[in-house]
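Enquirer: Predicted model, plus sequence, below.
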Amino acid sequence: MNSDDAAPGAEPGPDGLAGRPSRARYDRVRTALDRKWRRRDPQPERMLRELVDALWDAFEGGGWTWCGAWQVGPDGRTLTPSRAFPAAASAAPSSGPLFDALAAASTARGPGAIAVPVADKDGRVWAALEVKSSSDFDDMDARWLERLVKPFGDAPGAGPR
């Protein structure tokens, strides 16, 4: 994604973000979630749903075609679809960025897709955020998405129970 460039000729929308670089959208998502998460006890599964909701709301019209989360099963191998837009997939892929991100416990990108593992405070990956787009994601997108999942590792008791 050429995220640092504003859409040519776009006028600011009601939220003030249309036509602005993606980093402004990511920052707005981060600010809103920080405010919300600061006031509540950390509940990782709820936080993951809120993250997907906020990202989809901010980027749906900006080329994103899918945004969702997968939770790692107790066996460490199975993936269960969590919140997703436009709809949750029924089965996780066996290859591609999602599979690579979980295997390496680090962000992985592929053509039109990016996946970011979500870890608890002990570094155990319990979920992954996956986003698909009509164009490729760049380093800036990776850094922002990693920044947005970081609070899961900082929260006491992070990870599903």
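Expert: Cool, got the structure.

Enquirer: Where does pLDDT dip in this protein?
Expert: 1-21, 88-92, 94, 155-161 (pLDDT under 70).

Enquirer: In three-state terms, label the spatially most central residue of the chain for me.
Expert: Centrality entry for the chain: nearest residue to the mean C-alpha point is Leu129, 4.3 Å, by CA atoms, centre = their mean. Three-state assignment for Leu129 (DSSP: H, G, I helix; E, B strand; the rest coil): strand.

Enquirer: can you pull up the bridge partners for it?
Expert: Ala69, Val116 (DSSP bridges).

Enquirer: is it true that it touches Ala119?
Expert: No - with contact defined as CB atoms under 8 Å, Leu129 does not reach Ala119; the gap is 11.5 Å. C-beta here means a position set from N, CA and C on the backbone, and glycine is covered the same way.

Enquirer: give the contact list for Thr80.
Expert: 70-71, 73 (CB atoms under 8 Å, 6 or more residues apart in numbering).

Enquirer: Most neighbours among these, which one?
Expert: Trp70 (26 neighbours; other CB atoms under 10 Å).

Enquirer: Once you drop chain neighbours, what's closest to that residue?
Expert: Leu79 (4.4 Å; CB to CB, 6 or more residues apart in numbering).

Enquirer: number of nearby residues for the one you found?
Expert: 21.

Enquirer: so who does it touch?
Expert: Contacts of Leu79 (CB under 8 Å, 6+ apart): 70-73, 92, 98, 102, 128.

Enquirer: ok, which pair from those is furthest apart?
Expert: The most widely separated members of those, counting by CB to CB, are Gly73 and Leu98 (14.2 Å).
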